[in-house]
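Q: pasted the sequence and its predicted model underneath.
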Amino acid sequence: MDFYATCILGLCLSLLFFAFRKKRFTPHLPPGRKGWPILGETLRFMAAGKRGCPEKFVNDRTASYSPDVFRTHLYGEDMTVFCGASGNKFLFSGEGKYVTSWWPDSIMKIGLFPETLGKLNNTDTKKTRSFLSEFLKPEELQRYIPVMDSMTRDHLAADWSPNKEVQVFPLSKRYTFSLACRLFMNIRDPEIVSKFADSFARVAPGFIAVPINIPGTPFNRAMEGGKAMRQELLNIIRRRKMEISEGKDANARDLLSRALLEGDDDGTIFFEMDTSNKIIGLLIASHDTTSTSITAIVNYLAQFPHIYERVHQEQMEIAKSNGPTELLNWDDVQKMKYSWNVACESMRLLPPAQGAYREATKDFTFADYTIPKGWKTFWTVHSTHKNPKYFPDPEKFDPSRFEGDGPTPFTFVPFGGGPRMCPGKEYARLEILVFMHNLVTKFKLKKAIPDEKFIYNPSPVPVEGLRIRLQPHN
């Protein structure tokens, strides 16, 4: 009897030990919920954007769980959403320490050649960012300002001036894509640009779509568009390589030519695919964000006449200091301070990108919660841009928020922050300000639909294309 009692006692003590050990070493995960099997909360996340209030997804969960961080499940991944200025700062400064860049598989499958996906690594990503940063640094971009100005004038003369009313969003997409093709690849043929743009237009809506590759679904349309886009770009690359070999492109300074001239061409198709991936990544990052930013700015200029008048006054002073045929230069753009404040306030209220993803490379702790290695993280503009803690009366359009020292650090983050801040920030600033200058010096603006709604797909999109009535200045 004593033997059996001893065995039972030993078994009980062992169970207690393992139960205690499990409890002791169970990580203190962020609070939240995983939602439906496989889909998680992806549909709720997308639905909030489709209703035009993506911040509601974030605000509901910070109110229920934690103002600093919460757990969810998006795009098939366990994900921790970091919130507030402290969350943004933590992730921005954690690059290379405990997080690394990550994007949902849907984005990678749509945009990149499938043959290269297994070959991508962080070293390649760093090389690409370094190459792009060299091309996009301010001293390099200064010489593109006259090209931007000339193309903007031509665009407004051809697509705006003949009309009494325009749809701003599709026109801004056409303009920004044509400009990107010219500056990044030195493509001037409108037929080539149009063919490339048609396939590119099918791509973006699939980035946040449910990744179900069945004919008729947004993801399937994006996959087909991505395939056509990659093939068209591959054709462009091969033509450019031939021009370079024949000495026709010896002095070209566009991004594509420099990538081909300075790259390590091993004579295989993988070099061409890698070059294509670089260009596609830049187009995806720059095209949709700048076109939606321009659309948002035009929306608020037309909505608030007193804001428009101050921008018009600033831009007319610059215009009068130049001759009628003289193109803008770097010094002119530096004078557009109030205009840039207006642009920033527009991007605060209608941010061109919702945030970015990272992957935890090790277990780490934030706000007393453990984020396990392999979990995905997400920082989002929607935890700060309309947060009254950082922006009093957050729905009010007030460019003065950006005067002086501007907003609290890590609260206004349309371009991200830290080592992975968008390398195209300065390119976007120049493109936006050059467009604003030409627009307000040529037209007065009025919204045809005063209360036109914006939805997110994934960037803000006006449901009617933003219809604006134009009144040319005398």
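A: Done, it's in.

Q: contact partners for residue 294?
A: 168, 172, 175-176, 431-432, 435 (Cβ atoms under 8 Å, 6 or more residues apart in numbering). Every residue, glycine included, has its C-beta placed from N, CA and C.

Q: residue 367: which of those residues is nearest?
A: If you rank those by distance to residue 367 using Cβ to Cβ, residue 432 comes first, at 35.3 Å.

Q: what about the residue most central in space within the chain, distance to residue 466?
A: Nearest to the mean C-alpha position of the chain, counting by Cα atoms, centre = their mean, stands residue 353 at 4.1 Å. Computed as Cβ to Cβ, to the nearest Å, the residue 353 to residue 466 distance reads 19 Å.

Q: and residue 193, by the same measure?
A: Taken as Cβ to Cβ, the span from residue 193 to residue 466 is 22 Å.

Q: who has more neighbours, these two?
A: It is residue 466, of residue 193 and residue 466, that has more neighbours when counted by other Cβ atoms under 10 Å, with 24 against 20.

Q: shaky segments in the stretch 151-300 of the chain?
A: 249-252, 263-268 (pLDDT under 70).

Q: ranges for the helices of it?
A: 168-185, 190-201, 218-245, 255-262, 269-303 (DSSP state H, counting those that start in this stretch).

Q: next, count neighbours for the closest residue in space to residue 425 that isn't next to it in sequence.
A: Nearest in space to residue 425, with sequence neighbours left out and distances taken as Cβ to Cβ, 6 or more residues apart in numbering, is residue 415 at 4.4 Å. Per other Cβ under 10 Å, the neighbour tally for residue 415 reads 18.

Q: so residue 273 sits against residue 237, correct?
A: No - at 9.0 Å, residue 273 does not count as touching residue 237 under the criterion of Cβ atoms under 8 Å.

Q: and the residue nearest to residue 425, its phi and psi?
A: Phi and psi for residue 415, reported as degrees, to the nearest 10, are phi -110, psi 10.

Q: and it, what is it in contact with?
A: Contacts of residue 415 by Cβ under 8 Å, 6+ apart are 421-422, 425, 428.

Q: go with 10 Å
A: Residues near residue 415 by Cβ atoms under 10 Å, 6 or more residues apart in numbering: 289, 347, 351-353, 421-426, 428-429.

Q: just the buried ones among those, please.
A: In terms of neighbour count (16 or more other Cβ atoms under 10 Å), the buried residues within the contacts of residue 415 are 289, 347, 351-353, 422-424, 426, 428-429.

Q: residue contacts, residue 287?
A: Neighbours of residue 287 in contact, by Cβ under 10 Å, 6+ apart: 173, 176-177, 179-181, 197, 200-201, 203-204.

Q: find the nearest non-adjacent residue to the residue nearest to the centre of the chain, please.
A: Once chain neighbours are set aside, the closest to residue 353 by Cβ to Cβ, 6+ apart is residue 289, at 5.6 Å.

Q: for that neighbour, give me its contacts.
A: Here residue 289 is in contact with 176, 347, 351-353, 414-415, 422, 424, 428, 459 (Cβ under 10 Å, 6+ apart).

Q: and what of residue 396?
A: Residue 396 sits in contact with 345, 349, where contact means Cβ under 10 Å, 6+ apart.

Q: show me where the protein has strands.
A: For the chain, the strands defined by DSSP state E cover 69-74, 77-82, 99-101, 165-167, 355-360, 364-366, 369-371, 376-380, 443-447, 454-456, 460-462, 467-472.

Q: indicate which one of those strands is closest to residue 134.
A: strand 99-101 (18.9 Å).

Q: what's that closest one packed up against?
A: helix 84-93, helix 122-136, strand 355-360, strand 376-380 (3 or more Cβ pairs under 10 Å, 6 or more residues apart in numbering; DSSP states H and E).

Q: ranking these by burial, who's on top?
A: strand 376-380 (a mean of 24; mean count of other Cβ atoms under 10 Å).

Q: render the CA-only coordinates of that strand in CSV, please.
A: Extracted C-alpha coordinates of strand 376-380, given in CSV (Å, rounded to 0.1, in the frame of the first residue of the first chain):
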residue,chain,number,x,y,z
LYS,A,376,4.6,39.4,-38.0
THR,A,377,4.3,43.0,-36.8
PHE,A,378,2.4,46.0,-38.3
TRP,A,379,2.8,49.7,-37.6
THR,A,380,-0.1,51.8,-38.9
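
Q: distance of the residue nearest to residue 425 relative to residue 34?
A: 31 Å.

Q: and residue 400, by the same measure?
A: 43 Å.

Q: the more surrounded of those two?
A: The residue with more neighbours, out of residue 400 and residue 34, is residue 34; 13 against 9, by other Cβ under 10 Å.

Q: contacting residues for the more buried one?
A: Applying Cβ under 10 Å, 6+ apart, the residues contacting residue 34 are 40-41, 71-73, 78-79.

Q: ok, back up a step: now for the strands of the chain, which one comes closest to residue 339?
A: strand 443-447 (14.3 Å).

Q: just give me the neighbour total for residue 452.
A: 16.

Q: neighbours of the closest residue to residue 466 other than its chain neighbours, how many?
A: What sits nearest to residue 466 in space, not counting adjacent residues and going by Cβ to Cβ, 6+ apart, is residue 168, at 4.1 Å. Residues near residue 168, counting by other Cβ under 10 Å, number 25.

Q: wait, residue 168 touches residue 465, no?
A: Yes - counting by Cβ atoms under 10 Å, residue 465 is a contact partner of residue 168 at 6.8 Å.

Q: what sits in contact with each of those two?
A: With Cβ under 10 Å, 6+ apart as the test, residue 168 and residue 465 both reach residue 295.

Q: quick one: closest of the strands of the chain to residue 331.
A: strand 443-447 (24.9 Å).

Q: tell me the confidence at the nearest residue to residue 284 once chain neighbours are set aside?
A: Nearest non-adjacent residue to residue 284, counting by Cβ to Cβ, 6+ apart: residue 111, 6.0 Å away. Note for residue 111: predicted pLDDT of 78.

Q: what's the burial count for residue 111?
A: Counted with other Cβ under 10 Å, residue 111 comes out at 22.

Q: over to residue 112?
A: For residue 112, using other Cβ under 10 Å, the count is 20.

Q: relative to residue 77, how far out is it?
A: From residue 112 to residue 77 the distance is 18 Å (Cβ to Cβ).
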